[in-house]
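**Student:** this is the structure alone, sequence omitted:
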Ligand SMILES: O=P(O)(O)OC[C@H]1O[C@H](O[C@H]2O[C@H](CO)[C@@H](O)[C@H](O)[C@H]2O)[C@H](O)[C@@H](O)[C@@H]1O
């Protein structure tokens, strides 16, 4: 099937202010907050308004945002009874599950809804198909997970949507029968097909003009962070990641300040953050949500009552896709998280192993459904 882009250019004009709406809370996310029931006593910190990229890191809250960017590791403190703290965390998680039920315990409900529909699967990579590890180069997917994804792709149109470069995520996943969207959806390719003219590929790169700029920033970031022990700069083609997972917390403000010092010279780039990572991206109206819309449209699956898109992801950047599905009433998101989080997803899964179970169950259900028809 051909990818047929039928969308206006997402590249914003030079002077357009940095778009913060996709990062801060927006009006569209209000309905699910409204669904919080008062008797749950569930307090999830509201998403912080994202600091302006030129603000000082200490005053703007960058440091707080960086600290909050991944579930905290459990610390044993002599003043705190560890068992009690962990029981409290479990109780909080159980309360949160009432709002974002497990996609495994709600499986029957999900498949009842999916009956007779084409399920389209969108899967994030890091933290969804592979566990979060210290070294980004070692984020391997298990062979069991690969088999689960491969089997799922045999029954459902399936796409991987990642912040990584498309080549890198393709290398990790290693399956040709999928669609891949790298660089947070800014680099989309359909499956490699055999045609009369040989191998045919379909490519969509809405930020291609930013390539030289991103390359330049990547090199400056390498140079300017090399003295910060544990830091790692990753070139994701249309965006750059600056990892601080292995950097001593005392140097987090330093690394953020170095990044801000560089991107202040690039008004057409913006800074966002993920799990212990700062990400530099072009200021364009494009994200994982737009990539989902693009793929659905390209596949002829958009705006159809007989299609159910499901997006599984763990990161802030996946929220754009959850929101597209929720707001459009098109389908639903599943957040992978072992701690309560504010989200636009409808369901949750605790960890990649549960994602694998969910995919296996989905295939089993589809086979049974096909056998009865
Ligand atoms: O959209 P994703 O596929 O989830 O990619 C988001 C970022 O994932 C990677 O970083 C994260 O995973 C690493 C490996 O587990 C971990 O070390 C790091 O702390 C996480 O932030 C990837 O390296 C980034 O480039 C992606 O943007």
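**Tutor:** Yep, that arrived. Note that the structure is a prediction, hence the values are computed from the model and not measured.

**Student:** the ligand contacts on the stretch 151-300 of the chain?
**Tutor:** Residues of the stretch 151-300 of the chain lying close to the ligand (C-beta under 6 Å from any ligand atom) are 162-164, 234, 236, 241, 243, 245, 274-277, 279. (Each C-beta comes from the backbone N, C-alpha and C, glycine too.)

**Student:** highest neighbour count among those residues?
**Tutor:** Top of those by neighbour number is residue 162, holding 31 neighbours under the definition other C-beta atoms under 10 Å.

**Student:** what pLDDT is listed against that residue?
**Tutor:** Residue 162 carries a pLDDT value of 98.

**Student:** and the two most separated of the residues of the stretch 151-300 of the chain next to the ligand?
**Tutor:** 162 and 245 (17.4 Å; C-beta to C-beta).

**Student:** quick one, what contacts the residue of the chain found nearest the ligand?
**Tutor:** Minimum separation of the chain from the ligand (C-beta to the nearest ligand atom) falls at residue 163, amounting to 2.8 Å. Going by C-beta atoms under 8 Å, 6 or more residues apart in numbering, residue 163 touches 126, 183-184, 236, 239, 241, 274, 279, 315, 317.

**Student:** which one of the residues of the stretch 151-300 of the chain next to the ligand is nearest residue 115?
**Tutor:** Using C-beta to C-beta, these come closest to residue 115 at residue 162, 30.2 Å.

**Student:** got a list of what the closest one touches?
**Tutor:** Contacts for residue 162 were tallied using C-beta under 8 Å, 6+ apart; they are 124-126, 169, 180-182, 184.

**Student:** what about it, distance to residue 227?
**Tutor:** Distance, residue 162 to residue 227, by C-beta to C-beta, to the nearest Å: 30 Å.

**Student:** do residue 146 as well
**Tutor:** 38 Å.

**Student:** picking up where we left off before, next step: the contacts of residue 163 restricted to strands.
**Tutor:** When the contacts of residue 163 are checked against strands (DSSP state E), the matches are 241, 274, 279.

**Student:** need the worst-confidence member of those.
**Tutor:** Least confident of those in the model: residue 274, at 92.

**Student:** show me what that one bridges to in the sheet.
**Tutor:** residue 277 (DSSP bridges).

**Student:** numbering from 39 from now on, please.
**Tutor:** Noted, 39 is the first residue going forward, which turns the last one into residue 312.

**Student:** could you report the pLDDT at residue 99?
**Tutor:** Note on residue 99: pLDDT of 68.

**Student:** what do you get for residue 65?
**Tutor:** Per the predicted model, pLDDT is 29 at residue 65.

**Student:** now swap in residue 119 and tell me
**Tutor:** Residue 119 is given a pLDDT of 63.

**Student:** quick one on the thing from earlier: which one of the ones in strands among the contacts of residue 201 is nearest to residue 400?
**Tutor:** Nearest member of the ones in strands among the contacts of residue 201 to residue 400, counting by C-beta to C-beta, is residue 312, at 26.5 Å.

**Student:** work out for me the element residue 386 sits within.
**Tutor:** According to DSSP states H and E, residue 386 maps onto strand 385-387.

**Student:** check residue 293 too.
**Tutor:** helix 290-301.

**Student:** so what secondary structure elements neighbour that helix?
**Tutor:** helix 95-98, helix 100-105, helix 249-263, strand 307-312, strand 315-320 (3 or more C-beta pairs under 8 Å, 6 or more residues apart in numbering; DSSP states H and E).

**Student:** could you give the average pLDDT over stretch 326-336?
**Tutor:** 94.

**Student:** show me the longest helix that occurs in this protein.
**Tutor:** Scanning the chain for the helix with the most residues, using DSSP state H, yields helix 390-409.

**Student:** who are the packing partners of that helix?
**Tutor:** helix 145-152, strand 156-161, helix 181-193, strand 370-374.

**Student:** will you turn these into JSON lines that also has mean pLDDT, mean neighbour count and distance to residue 407?
**Tutor:** Output for these, formatted as JSON lines (pLDDT from 0 to 100; neighbours: other C-beta atoms under 10 Å; distance: least, C-beta to C-beta, whole Å):
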{"stretch": "helix 145-152", "mean pLDDT": "97", "mean neighbour count": "15", "distance to residue 407": "8"}
{"stretch": "strand 156-161", "mean pLDDT": "98", "mean neighbour count": "22", "distance to residue 407": "10"}
{"stretch": "helix 181-193", "mean pLDDT": "98", "mean neighbour count": "17", "distance to residue 407": "10"}
{"stretch": "strand 370-374", "mean pLDDT": "98", "mean neighbour count": "25", "distance to residue 407": "19"}
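
**Student:** now those as a markdown table including distance to residue 349?
**Tutor:** Output for the helices and strands packed on helix 390-409, formatted as a markdown table (distance: least, C-beta to C-beta, whole Å):
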| stretch | distance to residue 349 |
| --- | --- |
| helix 145-152 | 13 |
| strand 156-161 | 4 |
| helix 181-193 | 13 |
| strand 370-374 | 5 |
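
**Student:** can you tell me which of the ones you listed is nearest to residue 211?
**Tutor:** Once C-beta to C-beta is applied to the helices and strands packed on helix 390-409, the stretch that comes out nearest is helix 181-193, at 6.9 Å.

**Student:** elements contacting that closest one?
**Tutor:** Short answer (3+ C-beta pairs under 8 Å, 6+ apart): helix 181-193 packs on strand 156-161, helix 390-409.

**Student:** quick check: which of the ones you listed has the most neighbours on average?
**Tutor:** Comparing the helices and strands packed on helix 181-193 by mean neighbour count (mean count of other C-beta atoms under 10 Å), strand 156-161 ranks first with a mean of 22.
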